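Undergrad: Just the structure for this:
(2 chains)
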Amino acid sequence: MLNVTKITKKYNSGDTTVDAISNVSLKVPEGIFASIIGASGSGKSTLLSMLGALEKPDSGSIEVDDRDISKLKDSALVEFRAKNVGFVFQSYNLIPNLTAIENVMLPMEFAKVPKAERRPRAQELLEKVGLDANKQIRKPSRLSGGEQQRVAIARALANQPKLILADEPTGNLDSQTGKVIFDLLHHLAKSQNTTIIVVTHDLSIAGKTDAKFRLSDGKLVK
Amino acid sequence: MNVVSRGVRNAFRNRTRTLAITLILSLSIGLALSMLLAHKAVDQKIQTVKSSVGNTITISPAGVRGFDGGGNPLTQSQLDKVKALPNVSQVTETLNDRLTSSDTNLQSSIDLGQLGQRFAARGGFGGGTSGSSDSTTPANFTPPVTVIGTTDPTNLASTQGGGTFSLKSGKVFDANSTDNVALVGTALASKNNLVAGSTFTAYGTQITVDGIFDSGNQFSNGELVMPLATVQKLSTQTGDLTGAVVTVNSVENLSSVTQAVKDSLGSTADVTSSQDTEQAVISPLENVKSISLYSLIGAVVAGAVIILLIMIMIVRERRREIGVLKAIGASNLKVSLQFVAEAVTFTLLAAVIGIIIGVVASNPVTNALVKNSSTSTSSTAAGPSFAAGGGAGGGQSGAVSANGNGNGGGRLGFRLGGSGLRQSVTNIHTAVGWSVIIYGLLTAVIIAVVGSGFAAWSIAKVRPAEVMRAE
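TA: The predicted model follows:
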């Protein structure tokens, strides 16, 4: 269960202070596939980075399974991210000189998964997202956009996180591939009981999610 | 795959860049290694010079050098005070004299030659030349025979001609002997048909030849070496000394003992130490040592700056990747270590080439430094010293002139020794061994760690949320 209560985040831009997120509260039950929509600059990515413990809110609380991550120290946040959060980015953000399977094994190393378990688990995840053995040993530059995003999803799942945050996961893909990726995320949410929150511009995708949150000027709009 | 292997692999992401970085760094490491080797070689040479120049102090009566100048002899009581000084391990006492044809039946083994005639003519005092004109050698002039009365008969370094004592036949008399015995140089023995057991006359007394020695030079081989007490007794100079060589227990104490001897003897004696020569010879080497040390530090700093700039560039380039690594659970330490491993890989690759450059360049670089330094030093400080050293020729000529014309053995020895040392110090070879490889690798690691320090700090400043903003 993700429980966000009255969080705010401000940025200084020159002499002015910008309210990126203002008094936002939301609840996302476990295993839900939710979406956050909004125009550019509405604060979607800022909200997502706070939900993923990449940064702390200025005020308010973010509870994951009754644990307030906004109060954690930086070192504890690193550990929390490693074990509880998976990220999927619009431009995939795979490490370019590592193979697909090595990219998936990377978060396991940071989460201190025993070395012997990493490769089999990575292979299993890559097969689950539809990447065959031949492509598992390719570097990202030799994979298509859709294949790279599948690797990114497998990487996000590597440590069986409670929460997967996806920032425009289909933004760089054609509509057909985008649909496949969306379905994959949807399927994973259901089959693995993982909470998935997707930030998207695509209203057709947002419409298919279990819950939908709209942001406007840093505020949550029903 | 772990942090280190990822860092190593990252070093080869862009092979062209890796090659360029490696070459630039290898020059820096090569230079650092050359300077390190030069520094070590020069330091070793300095130690060798220090040990070879020795730890001796020469005492002469004030105003007297050998048979040159004039003044009063040293006394036994003065030398007893010197012997009692701290850190003095030995004192060799000498009384030098010359036997003219009226004192001995021996004939000098030294031909007058052009120089001898000139100095005999100009000597103007003593022996057969006394009262002669300034421009011509007296017709009846016979070169005198030099007698060394000493308490250390096998140490020719403390005598006028110097050289290394080598007994050819017979035996060496006891240092404290009062017998009428002598060791005869090979040239003098040959000239006078002397062998061990032969006798000759000196000071109106029959002297027995205990042994024949070879010193390795014509001058000393024309000398007689006798017990100090015997020469003092026969020449009626009991208790008088014309010189002494003080041996100090270690080079480190040379300076303090020299000062103590000067304080003890005051203005009655001239005191010179091998430290004077040592300083003149070592000075250019000390310069090279300093230059090589500064160059070493400069090369290491340059290498560190190069790797620093490279790593800053790489960190800026991979800012998003660093954000990704942090977002998926990597700590600052892990990410920093990965970049340090990358920097170490660059520098170790460069170290391999740098070691080759260092080994090849160290000898030419060292020799160039030493030659330049020696040239500049000799054209200033050492120049006059060599000119003064020319006086040694006068000493040799003086030896064949009448009594009173000669040179101080100690000074002569120092000057000739100093000249030889100056020549030898320009001949330095760097020693290349396994330690060189270890030094090279160590230098590389230091450069890498120092150079990537700022990069690591930059990495720590990258906030994981930036990866979201870049989206």
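
Undergrad: what's the closest non-adjacent residue to A:Ile21?
TA: Of all residues beyond its chain neighbours, the one nearest A:Ile21 is A:Lys9 (4.2 Å), with distances taken as C-beta to C-beta, 6 or more residues apart in numbering or on different chains. C-betas here are computed from N, CA, C, even on glycine.

Undergrad: A:Ser204 belongs to a strand, doesn't it?
TA: No: with DSSP: H, G, I helix; E, B strand; the rest coil as the criterion, A:Ser204 is assigned helix and is not in a strand.

Undergrad: Look up how far chain B lies from it.
TA: When distances are taken as C-beta to the nearest C-beta, to the nearest Å, A:Ser204 and chain B turn out to be 20 Å apart.

Undergrad: That residue - how many residues pack around it?
TA: Residues lying near A:Ser204 (other C-beta atoms under 10 Å in any protein chain shown) number 11.

Undergrad: again, but for the one 3 residues further on
TA: For A:Gly207, the number of neighbouring residues by other C-beta under 10 Å comes to 10.

Undergrad: Can you tell me which residue of chain A sits closest to chain B?
TA: Of all residues in chain A, A:Ala82 sits closest to chain B, at 2.6 Å by C-beta to the nearest C-beta.

Undergrad: Could you say which helix or strand holds that residue?
TA: A:Ala82 belongs to helix A:74-84 when assigned by DSSP states H and E.

Undergrad: Next SSE downstream of that helix?
TA: Next along the chain from helix A:74-84, counting by DSSP H and E, comes strand A:85-88.

Undergrad: counting contacts, what elements does that next one pack onto?
TA: Of the remaining helices and strands, those touching strand A:85-88 by 3 or more C-beta pairs under 8 Å, 6 or more residues apart in numbering or on different chains; DSSP states H and E are helix A:145-157, strand A:163-167.

Undergrad: Centre of the chain to it, how far?
TA: The gap between where strand A:85-88 is centred and where its chain is centred comes out at 4 Å by C-alpha atoms, centre = their mean, to the nearest Å.

Undergrad: show me where chain A has strands.
TA: Taking DSSP state E as the test, the strands found in chain A are A:2-13, A:16-28, A:33-38, A:59-64, A:67-68, A:85-88, A:163-167, A:195-200, A:211-216, A:219-221.

Undergrad: want to throw those into JSON lines with mean pLDDT and mean neighbour count?
TA: Formatted as JSON lines, the strands of chain A follow (pLDDT from 0 to 100; neighbours: other C-beta atoms under 10 Å in any protein chain shown):
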{"stretch": "strand A:2-13", "mean pLDDT": "90", "mean neighbour count": "16"}
{"stretch": "strand A:16-28", "mean pLDDT": "90", "mean neighbour count": "16"}
{"stretch": "strand A:33-38", "mean pLDDT": "90", "mean neighbour count": "23"}
{"stretch": "strand A:59-64", "mean pLDDT": "93", "mean neighbour count": "18"}
{"stretch": "strand A:67-68", "mean pLDDT": "90", "mean neighbour count": "12"}
{"stretch": "strand A:85-88", "mean pLDDT": "91", "mean neighbour count": "26"}
{"stretch": "strand A:163-167", "mean pLDDT": "91", "mean neighbour count": "25"}
{"stretch": "strand A:195-200", "mean pLDDT": "90", "mean neighbour count": "25"}
{"stretch": "strand A:211-216", "mean pLDDT": "91", "mean neighbour count": "17"}
{"stretch": "strand A:219-221", "mean pLDDT": "90", "mean neighbour count": "15"}
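
Undergrad: count of neighbours near A:Ala116?
TA: As a burial measure, A:Ala116 scores 8 neighbours (other C-beta under 10 Å).

Undergrad: Taking the centroid of chain B, which residue is nearest it?
TA: For chain B, the residue sitting closest to the mean C-alpha position, by C-alpha atoms, centre = their mean, is B:Val49 at 2.1 Å.

Undergrad: mind checking which helix or strand that one is in?
TA: Taking DSSP H and E as the criterion, the element that holds B:Val49 is helix B:15-53.

Undergrad: nearest spatial neighbour of B:Ala350, skipping sequence neighbours?
TA: The nearest residue in space to B:Ala350 (C-beta to C-beta, 6+ apart) is B:Leu25, at 3.4 Å.

Undergrad: Distance of the one you found relative to B:Asn287?
TA: As defined by C-beta to C-beta, to the nearest Å, B:Leu25 lies at a distance of 29 Å from B:Asn287.

Undergrad: do the same with B:Ile446
TA: As defined by C-beta to C-beta, B:Ile446 lies at a distance of 26 Å from B:Asn287.

Undergrad: do B:Arg6 as well
TA: Here the criterion is C-beta to C-beta. By it, B:Arg6 lies 47 Å from B:Asn287.

Undergrad: Have a look at these two and say which one is more surrounded.
TA: Neighbour count, other C-beta under 10 Å: between B:Arg6 and B:Asn287, B:Arg6 has more, with 24 against 18.

Undergrad: Spell out which parts of chain A neighbour chain B.
TA: Listed as neighbours of chain B in chain A under the rule C-beta under 8 Å from any C-beta of the partner chain: A:45-46, A:48-49, A:52, A:54-55, A:75, A:78-79, A:81-83, A:86-87, A:89-91, A:93, A:95-98, A:102, A:105-107, A:109-111, A:155, A:159, A:167-168.

Undergrad: are any of those residues buried, and which?
TA: Buried positions within these, assessed by neighbour count (16 or more other C-beta atoms under 10 Å in any protein chain shown), are A:45-46, A:48-49, A:52, A:54-55, A:78-79, A:81-83, A:86-87, A:89-91, A:93, A:95, A:97-98, A:102, A:105-107, A:109-111, A:155, A:159, A:167-168.
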